[in-house]
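Q: give the three-dimensional model of this entry:
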Amino acid sequence: MSDYINEALLGASPYKDQRKEATKLVSKWERTGLLDGIEGDFERGGMAQLLENQARELIKEASSTSPTQPGSTNAYKGDEEWSGVALPLVRRIFGEIAAQEFVSVQPMNLPSGLVFYLDFQYGSTRQGMDKNSSLQGKTGKYSPSGSSAPYGGDDYAGGFYGAGRYGYSQATASEAIGSVTMALATWKDINFDTEMSGSHNKGKIWKVTEALAATDVDKLSIRSSNIVSGAVSANNPHGAGIGDTKPVNRLYPQFTSMTGDDGEAGSISFIVSASVATDFNNSGEYVTYPKFTTEAARGDFEDTAGDASKDSLAIPQVDIELKSRPIVAKTRKLKAVWTPELAQDLNAYHSVDAEAELTSMLSEYVSMEIDLEILDMLISDAQTVDYWSLHQGNDYDSSADEFVNTTFYGTRFEWWQTIVAKIQKVSNEIHRLTLRGGANFVVCGPKIATVLESLPGYMSETDGDKQSFAMGVQKMGGISNRWTVYKNPYMTENTVLVGFRGSNFLETGAVYAPYVPLIMTPLVYDPNDFTPRKGVMTRYAKKMIRPEFYGKIYVDALDEL
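A: The predicted model follows:
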């Protein structure tokens with residue numbers, strides 16, 4: 001009875017219903033033995049959905065061509081035989097698609113649908129976080145807020161990116177800015193940060209110092225403090241005006257400091273960029289700072305509102321927005337034609353069934369095309385790009401967009417080891433953008449694989465008598481127990497794909513969504529020349545969701561190998 005009451009109070013949950021249906025599908029297909037050897041609940045559920053889709057299509061075909069159906073003239077004797085072959089073939093062929101190692105496989109139960117994702121946004125403007133901006137920040141080609149695609153911008157900014165970006169949910173206090181001392185910042189003031197050398201050398205970086213009378217400043221969290229003019233925050237990594245319309249472009253919280261002890265007044269110093277000293281106008285500005293906690297003053301939001309106050313506690317807010325992107329299944333078709341003489345001779349000499357061989361070949365060929373299509377999508381849309389040269393001593397100069405020769409006294413094989421630094425650089429950038437982890441796989445062609453397999457940290461993991469995937473892409477080994485190496489023998493371009501795929505199906509940047517795994521036409525004979533014909537069709541969809549999960553390295557002078 002309590003279950004019925006809970007359902008009445010909470011309402012129906014489509015998610016729970018779908019989960020129950022998925023569990024039933026797995027239980028149904030486990031009894032056939034077609035799920036044996038598949039590890040992971042999600043992978044087993046995905047294969048069960050594929051088999052269910054395949055069985056549904058076979059039933060539809062059988063019902064429309066069955067000889068027992070009144071008025072039917074389209075019956076084919078091989079339908080029942082093919083039904084016993086199709087399901088194991090789906091299990092074998094689609095279990096060998098290498099793309100499942102690089103993207104998320106999410107079977108569809110309809111020919112079209114939506115990919116849903118949640119966008120969590122700041123609901124208030126405070127401490128440098130802008131209202132309606134994404135909690136994830138801007139990390140990729142797609143913007144989570146104000147765009148039809150998920151996650152990111154052109155570079156990483158907002159959210160937690162940058163120093164002092166942790167003050168959104170804590171209670172703060174403020175004090176109006178009085179007289180300030182402004183002087184050009186020294187190299188020591190900016191901690192000898194060479195990334196700011198251009199602005200520093202042009203005299204655009206200034207140190208602003210002000211005496212704070214407040215005694216409740218949490219000096220250990222002072223980098224989360226902020227300069228505010230009116231209701232507009234200036235703590236914006238891309239720059240924002242500080243002080244009316246004066247062109248103070250940016251506040252650098254990583255250099256904010258304060259003198260004195262907790263519970264005492266002191267001087268606070270900010271580093272800002274401005275054309276001249278007079279650009280900083282302290283009229284109407286104030287400093288917001290994190291509150292120091294004591295037994296008498298806990299620094300919570302009730303303290304801010306005051307005792308028995310009717311004022312709002314000003315607790316910061318987080319909003320949630322549900323967004324979606326359409327995904328539609330596409331079709332691939334392939335047919336085979338052979339002569340009766342070929343089938344007869346092949347069976348006579350080698351006891352090989354020509355129809356069975358062609359069926360297997362068509363299926364493997366289509367799955368290989370899907371593999372290459374998905375890999376091409378990942379390479380084309382990969383966000384992080386870097387460059388490496390096979391020519392000894394050549395290093396990429398980003399300012400000139402060309403390779404320049406540097407002094408290198410090592411051997412050729414020692415130079416080859418520098419490609420690991422490039423892979424590591426791309427891996428760290430993927431970690432920074434995705435907040436999940438560094439890259440864990442590398443895909444390359446045979447020529448570049450020669451370099452990778454020659455590295456001291458490379459370890460082979462292959463079995464010459466056993467291949468994991470269909471004809472083509474194969475897992476070859478690993479580098480330093482960090483990156484699994486896959487070799488694509490069809491890959492001729494000078495590109496190394498680097499990417500991350502987590503253990504969870506959500507921790508990936510792209511989706512492969514099979515709908516109808518494999519539909520094989522009945523064996524049809526041409527009445528004019530008795531030529532047998534057979535075809536195969538598959539329907540699936542693919543979608544790039546977060547290209548920041550992938551990076552690529554272009555290799556120069558590959559012809560020297």
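Q: pretty sure residue 394 is touching residue 560, no?
A: No: using CB atoms under 8 Å, residue 394 is not in contact with residue 560; the gap is 10.3 Å. Heads up, the C-betas are built off the backbone N, CA and C, glycines and all.
Q: looking at these two, which is more packed in?
A: Applying other CB atoms under 10 Å to residue 394 and residue 560 shows that residue 394 carries more neighbours, namely 19 against 10.
Q: got the phi and psi for that one?
A: For residue 394, the backbone dihedrals (degrees, to the nearest 10) come out as phi -80, psi 130.
Q: doesn't residue 128 make contact with residue 223?
A: No: counting by CB under 8 Å, residue 223 stays clear of residue 128, with 10.7 Å between them.
Q: find residues that contact each of those two.
A: Here residue 223 and residue 128 share the contacting residues 164, 253, scored by CB atoms under 8 Å, 6 or more residues apart in numbering.
Q: looking at those two, which one has more neighbours?
A: Using other CB under 10 Å, the more surrounded residue of residue 223 and residue 128 is residue 128, with 25 against 20.
Q: check which helices and strands the longest helix seen in the chain sits against.
A: Taking DSSP state H as the criterion, the chain has its longest helix at helix 354-381. Secondary-structure packing of helix 354-381 (3 or more CB pairs under 8 Å, 6 or more residues apart in numbering; DSSP states H and E): helix 79-94, strand 330-337, helix 340-350, strand 495-499, strand 510-520, strand 532-544, strand 550-556.
Q: what about 7 Å?
A: Contact analysis of helix 354-381 by 3 or more CB pairs under 7 Å, 6 or more residues apart in numbering; DSSP states H and E lists helix 79-94, strand 330-337, helix 340-350, strand 495-499, strand 510-520, strand 532-544 as its packing neighbours.
Q: return the set of buried residues in that helix.
A: The neighbour-count check on helix 354-381 (16 or more other CB atoms under 10 Å) flags 354, 358-359, 362-368, 370-375, 377-379, 381 as buried.
Q: now swap in stretch 414-426 and tell me
A: 415-416, 419-420, 422-426.
Q: out of those residues, who's nearest residue 443?
A: residue 423 (11.7 Å; CB to CB).
Q: returning to that earlier point: CSV for the helices and strands packed on helix 354-381, including mean neighbour count?
A: CSV is the format used below for these (neighbours: other CB atoms under 10 Å):
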stretch, mean neighbour count
helix 79-94, 17
strand 330-337, 14
helix 340-350, 12
strand 495-499, 25
strand 510-520, 22
strand 532-544, 19
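Q: these: which one's closest to residue 389?
A: Of all the helices and strands packed on helix 354-381, strand 495-499 sits nearest to residue 389, with 12.7 Å by CB to CB.
Q: what angle separates the longest helix of the chain from strand 532-544?
A: Orientation note: helix 354-381 sits at an angle of 20 degrees relative to strand 532-544 (axes from the mean of the first three to the mean of the last three CA atoms, to 10 degrees).
Q: where's helix 354-381 relative to the chain centroid, distance-wise?
A: Offset of helix 354-381 from its chain centre (CA atoms, centre = their mean, to the nearest Å): 24 Å.
Q: packing partners for the following helix or strand past that helix?
A: Sequence-wise, the next helix or strand downstream of helix 354-381 (DSSP states H and E) is strand 384-389. If you count contacts as 3+ CB pairs under 7 Å, 6+ apart, strand 384-389 packs onto helix 418-434, strand 550-556.
Q: JSON lines for those, including mean pLDDT and distance to residue 480?
A: Shown next, in JSON lines, are those (pLDDT from 0 to 100; distance: least, CB to CB, whole Å):
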{"stretch": "helix 418-434", "mean pLDDT": "93", "distance to residue 480": "7"}
{"stretch": "strand 550-556", "mean pLDDT": "95", "distance to residue 480": "16"}
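Q: now tabulate those in TSV and tack on distance to residue 512.
A: As requested, the helices and strands packed on strand 384-389 are exported to TSV (distance: least, CB to CB, whole Å):
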stretch	distance to residue 512
helix 418-434	19
strand 550-556	14
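Q: surely residue 329 meets residue 514?
A: No: between residue 329 and residue 514 there is no contact under CB atoms under 7 Å: 8.4 Å.
Q: shared neighbours, these two?
A: residue 540 (CB atoms under 7 Å, 6 or more residues apart in numbering).
Q: what ranges does the stretch 201-350 of the chain have for its strands?
A: Taking DSSP state E, counting those that start in this stretch, the strands of the stretch 201-350 of the chain run over residues 205-212, 226-229, 232-233, 248-251, 257-258, 266-274, 285-290, 318-328, 330-337.
Q: and for the stretch 51-200 of the chain?
A: Using DSSP E, counting those that start in this stretch, the strands found in the stretch 51-200 of the chain span residues 104-105, 112-122, 172-176, 180-184.
Q: how many neighbours does the closest residue to residue 120 other than its chain neighbours have?
A: Nearest non-adjacent residue to residue 120, counting by CB to CB, 6 or more residues apart in numbering: residue 135, 4.4 Å away. Residue 135 has 18 neighbouring residues, counting by other CB under 10 Å.
Q: got the contact list for residue 135?
A: Neighbouring residues of residue 135 by CB under 7 Å, 6+ apart: 120-122, 159, 318.
Q: how close does residue 554 get to residue 495?
A: Using CB to CB, to the nearest Å, residue 554 is found at 6 Å from residue 495.
Q: tabulate the strands of the stretch 201-350 of the chain (a markdown table), appending distance to residue 173 and mean pLDDT.
A: Shown next, in a markdown table, are the strands of the stretch 201-350 of the chain (distance: least, CB to CB, whole Å; pLDDT from 0 to 100):
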| stretch | distance to residue 173 | mean pLDDT |
| --- | --- | --- |
| strand 205-212 | 10 | 87 |
| strand 226-229 | 12 | 73 |
| strand 232-233 | 16 | 38 |
| strand 248-251 | 18 | 70 |
| strand 257-258 | 14 | 90 |
| strand 266-274 | 13 | 86 |
| strand 285-290 | 6 | 81 |
| strand 318-328 | 22 | 82 |
| strand 330-337 | 58 | 91 |
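Q: so which of the ones you listed is the most surrounded?
A: Greatest average neighbour count among these goes to strand 226-229 (a mean of 24), per mean count of other CB atoms under 10 Å.
Q: packing partners of it?
A: strand 285-290.
Q: so how far is the strand it packs on off the chain centroid?
A: Centroid separation for strand 285-290 versus its chain: 37 Å, with CA atoms, centre = their mean.
Q: can you tell me what sits against that strand?
A: Here strand 285-290 makes contact (CB under 7 Å, 6+ apart) with 127, 167, 170, 172-177, 212, 217-218, 221-222, 224-229, 243, 268.
Q: if you set the cut-off to 8 Å instead, what comes out?
A: Outside strand 285-290, the residues touching it (CB under 8 Å, 6+ apart) are 126-127, 167, 170-177, 210, 212, 214, 217-218, 221-222, 224-229, 242-243, 268, 299.
Q: near residue 216, how many other residues are there?
A: 16.
Q: go on, residue 561?
A: Neighbour tally, residue 561, other CB under 10 Å: 12.
Q: identify the residue spatially nearest to it, adjacent ones excluded.
A: Once flanking residues are discounted, residue 561 sits nearest to residue 447: 5.4 Å by CB to CB, 6+ apart.
Q: cool, and residue 25?
A: In this structure, residue 25 finds its nearest non-sequential neighbour in residue 48, 4.2 Å apart by CB to CB, 6+ apart.
Q: make sure that neighbour is indeed in a strand.
A: No: assessed with DSSP: H, G, I helix; E, B strand; the rest coil, residue 48 is helix; it does not lie in a strand.
Q: check it and give its pLDDT.
A: Per-residue pLDDT puts residue 48 at 74.
Q: for it, give me its contacts.
A: By CB under 8 Å, 6+ apart, the contact set of residue 48 is 22, 25-26, 28-29, 35.
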